[in-house]
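> this is the structure alone, sequence omitted:
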Ligand SMILES: O=P(O)(O)OC[C@H]1O[C@](O)(CO)[C@@H](O)[C@@H]1O
């Protein structure tokens, strides 16, 4: 094998710790049994779910029929002057197409947000040339449904028949499949129901939006096919064994965090954004029952957290093994998808968890629903946080939760950092516009430099479908900084009693409530002026 995908355990100590696990996994024939669809590998409790979740091992063959359908639809759309693809989808329904198109340099507008400003920017593109791919495995995800409604209304008001521009990807029998049929949407792709959301990169969820946008999705399947035999082989050389067992061995030694970065960013063929896809796969698959692997995606090998990971983390390179990486994974994108899926399933078995469920995601969704039913977030157009802030500092309203004596933003931040347990982590959760408020992501390295612990960063509500599972279900050693902000122009969601801004705030408040109920420290800062508030936050962090 070797050529299609390669994993190098650079750290001699980690290699020594991984070898016995590799021996065990080879003896138990884990890889070939995964490839053959053996659902018993994760214990009796996981068996029923695993029995309907192992279809991803053969997608390089079973997804072939999609290629012709996608290119025929693309030609048809082009003939009608439609060449701009917008994707509405969360988590496993958008991360793969985002990586695929980023890696190939193909334009795809990914809408995985409820931020009204970001949605408005996508609506401001040329709708006469736009098709909306609505992707949802369950067919019931509130963000995706809201985006669909907003786009349908905007298209109709521009005199465009929305049904002619809607392309749906969903599982058979979902409410979204039914809607697509009732409304006569342009095309309905029914995905393989035997593949879970975060394992669905090579199903219609990954291939349809990426292929319509112009990515070479046949090549992606070829790349996966080139690695499939090696990844299902019961051999000590199987790269998935090396990766899965290294991560499990590190976890046993107390390194439950996996610091991920691209070590070849900017080089031709660099897999831009793959870390975000791996982040969801690892966090949602393993972060449960008080255990799991916490992905910490960092900006570059020079960013805080990678070269000096401490005892609680393993630095993993996507790309060449350098810059202090303990493990590296190299190979084409299609091969990497399959590598990480096998490795995650193997780690899941070694950690004793079911890698195919996400038991804690629902809690935040329920809390959000309850808040919206109770009229949270103010009236449309005036959405604002519930309750009064504990203090106001310039453009920053601070909600400390109960029992804080903080009198300033600086003090509140200091208190939050002091609350991080030894070997814990700080998660920054920014419910903002990831394009217009992009500077918020700078808070991660700034905080990491000062906090002395690992710091993760996620855009809300996107991270709720990724690290959100780990935050609530994984090792209980996180503290949370939520950032929300006022919006300049809210957007109504047609036929729904709440607006996008209200939904976005309710998602932050709902998840914050669940975290607080579970005993975690949560500090929320609400920016009444986003740019000024972010500048204030940076200045306050610099003073820490
Ligand atoms: O494809 P759906 O059903 O809209 O779900 C989107 C995402 O939400 C989750 O189900 C839960 O967060 C993810 O596992 C999934 O990728």
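Done, it's in. Bear in mind that the values here come from a model prediction, so they are computed numbers and not experimental data. Residues are numbered from 1 along each chain as shown.
> contacts for the longest strand belonging to the chain?
Counting residues, the longest strand in the chain under DSSP state E turns out to be strand 478-485. Strand 478-485 is contacted from outside by 294, 385, 413, 416-417, 419-420, 424-432, 437, 440, 443, 447, 460, 471, 504-505, 508, 511-512, 515, 520-528, 530, 533, 537, using Cβ atoms under 8 Å, 6 or more residues apart in numbering. (Glycine included, C-beta is placed from N, CA and C.)
> next helix or strand past the worst-scoring helix or strand of the chain on mean pLDDT?
The weakest-scoring helix or strand in the chain, judged by mean pLDDT, DSSP states H and E, is helix 361-373 (a mean of 92). Downstream of helix 361-373, the next assigned helix or strand under DSSP states H and E is strand 391-393.
> that following strand pairs with which strands, and in what direction?
strand 396-399 (antiparallel) (DSSP bridges).
> which residues touch stretch 57-66?
Contacts of stretch 57-66 (Cβ under 8 Å, 6+ apart): 34-35, 37, 55, 189, 192, 195, 202-204, 207-208, 211, 217, 221-222, 224-225, 228, 232, 334, 338, 341-342.
> follow-up on the earlier one: ok, then the element right after the longest strand of the chain?
helix 500-517.
> now the angle between helix 500-517 and the helix or strand just after that following helix, please.
Using DSSP H and E, the helix or strand that follows helix 500-517 in sequence is strand 522-527. Following axes from the mean of the first three to the mean of the last three Cα atoms, to 10 degrees, one obtains 160 degrees for the angle between strand 522-527 and helix 500-517.
> show the buried residues in the contacts of strand 478-485.
294, 385, 413, 416-417, 420, 424-432, 437, 440, 443, 447, 460, 471, 504-505, 508, 511-512, 515, 520-528, 530, 533, 537 (16 or more other Cβ atoms under 10 Å).
> quick one: residue 229 from the ligand, how far?
28 Å (Cβ to the nearest ligand atom, to the nearest Å).
> now swap in residue 531 and tell me
Following Cβ to the nearest ligand atom, the distance that separates residue 531 from the ligand is 30 Å.
> what about that residue, neighbour count?
With neighbours defined by other Cβ atoms under 10 Å, the count for residue 531 comes to 13.
> and it, what element?
helix 530-542.
> could you do residue 132 as well?
Per DSSP H and E: strand 130-135 holds residue 132.
> tell me which other helices or strands that strand touches.
Under the contact criterion of 3 or more Cβ pairs under 8 Å, 6 or more residues apart in numbering; DSSP states H and E, strand 130-135 touches strand 84-88, helix 142-157, strand 166-170, helix 204-213.
> closest to the ligand out of the ones you listed?
Among the helices and strands packed on strand 130-135, the nearest to the ligand by Cβ to the nearest ligand atom is helix 142-157 (5.3 Å).
> what packs against that closest one?
Using 3+ Cβ pairs under 8 Å, 6+ apart: helix 142-157 touches strand 84-88, helix 116-123, strand 130-135, helix 500-517.
> any buried residues in it, and which?
For helix 142-157, by 16+ other Cβ under 10 Å, it's 142-155.
> which of the residues you listed are close to the ligand?
Subset of those in contact with the ligand: residue 144, counting by Cβ under 6 Å from any ligand atom.
> need the buried residues of helix 142-157 in CSV (columns: pLDDT and distance to residue 19).
Below are the buried residues of helix 142-157 laid out as CSV (pLDDT from 0 to 100; distance: Cβ to Cβ, whole Å):
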residue, pLDDT, distance to residue 19
142, 97, 46
143, 98, 44
144, 98, 44
145, 98, 48
146, 98, 49
147, 98, 48
148, 98, 50
149, 98, 54
150, 98, 53
151, 98, 52
152, 98, 56
153, 98, 59
154, 98, 57
155, 98, 58
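> Serialize the buried residues of helix 142-157 to JSON lines and add fields for distance to residue 171.
Below are the buried residues of helix 142-157 laid out as JSON lines (distance: Cβ to Cβ, whole Å):
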{"residue": "142", "distance to residue 171": "17"}
{"residue": "143", "distance to residue 171": "17"}
{"residue": "144", "distance to residue 171": "13"}
{"residue": "145", "distance to residue 171": "15"}
{"residue": "146", "distance to residue 171": "20"}
{"residue": "147", "distance to residue 171": "19"}
{"residue": "148", "distance to residue 171": "16"}
{"residue": "149", "distance to residue 171": "20"}
{"residue": "150", "distance to residue 171": "23"}
{"residue": "151", "distance to residue 171": "21"}
{"residue": "152", "distance to residue 171": "21"}
{"residue": "153", "distance to residue 171": "26"}
{"residue": "154", "distance to residue 171": "27"}
{"residue": "155", "distance to residue 171": "25"}
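> any idea how far residue 261 is from the closest residue to residue 308 other than its chain neighbours?
Leaving aside its sequence neighbours, residue 308 sits nearest to residue 324 (Cβ to Cβ, 6 or more residues apart in numbering; 8.0 Å). To residue 261, residue 324 is 10 Å away according to Cβ to Cβ, to the nearest Å.
> those two: which is more packed in?
residue 261 (23 against 17).
> check whether the more buried one really touches residue 275, as I assumed.
Yes: using Cβ atoms under 8 Å, residue 261 makes contact with residue 275 at a distance of 6.5 Å.
> next, show the common contact partners of these two.
By Cβ under 8 Å, 6+ apart, the residues touching both residue 261 and residue 275 are 297, 318.
> circling back: and which of the buried residues of helix 142-157 is nearest residue 464?
Set against residue 464, the nearest of those by Cβ to Cβ is residue 143 (9.0 Å).
> picking up where we left off before, so for the helix holding residue 531, what's the average pLDDT?
What helix 530-542 shows for mean pLDDT is 97.
> which strands and helices lie in contact with that helix?
Helix 530-542 packs on strand 396-399, helix 409-418, helix 443-451, strand 478-485, strand 522-527, going by 3+ Cβ pairs under 8 Å, 6+ apart.
> for residue 239, find the nearest of the ones you listed.
Closest among those, using Cβ to Cβ: helix 443-451, at 29.5 Å.
> and the closest one, which residues are buried?
443, 444, 445, 446, 447, 448, 450, 451.
> same question for stretch 486-493.
Quick answer for stretch 486-493 (16+ other Cβ under 10 Å): 486, 487, 490, 491, 492, 493.
> repeat that for stretch 207-216.
Buried residues in stretch 207-216 (16+ other Cβ under 10 Å): 207, 208, 209, 210, 211, 212, 213, 214, 215.
> which residues does it contact?
With Cβ under 8 Å, 6+ apart, stretch 207-216 has contacts from 63, 66-67, 70-71, 73-74, 77, 85, 87, 89, 94, 96-97, 100-101, 104, 106-108, 131, 133, 135, 167, 169, 189, 217, 220-221.
> of those, which belong to helices?
The helices, defined by DSSP state H, take in 66-67, 70-71, 73-74, 77, 96-97, 100-101, 104, 217, 220-221 from the contacts of stretch 207-216.
> report the buried members of these.
Going by neighbour count (16+ other Cβ under 10 Å), the ones in helices among the contacts of stretch 207-216 have 66-67, 70, 73-74, 77, 96-97, 100-101, 104, 217, 220-221 buried.
> returning to what we had before: any common contacting residues for residue 324 and residue 261?
301, 306, 315.
> and the helix or strand hosting residue 458, how far from the chain's centre?
According to DSSP H and E, residue 458 maps onto strand 454-459. Offset of strand 454-459 from its chain centre (Cα atoms, centre = their mean, to the nearest Å): 12 Å.
> could you point out which element follows that strand?
helix 467-473.
> ok, residues contacting that following helix?
In contact with helix 467-473 (Cβ under 8 Å, 6+ apart) are residues 279-280, 283-284, 286-290, 292, 294-295, 358-361, 363-364, 427, 456, 458, 478, 480, 511, 514-515, 518, 520.
> surely residue 32 touches residue 235?
No: Residue 32 is beyond contact range of residue 235, at 9.7 Å (criterion: Cβ under 8 Å).
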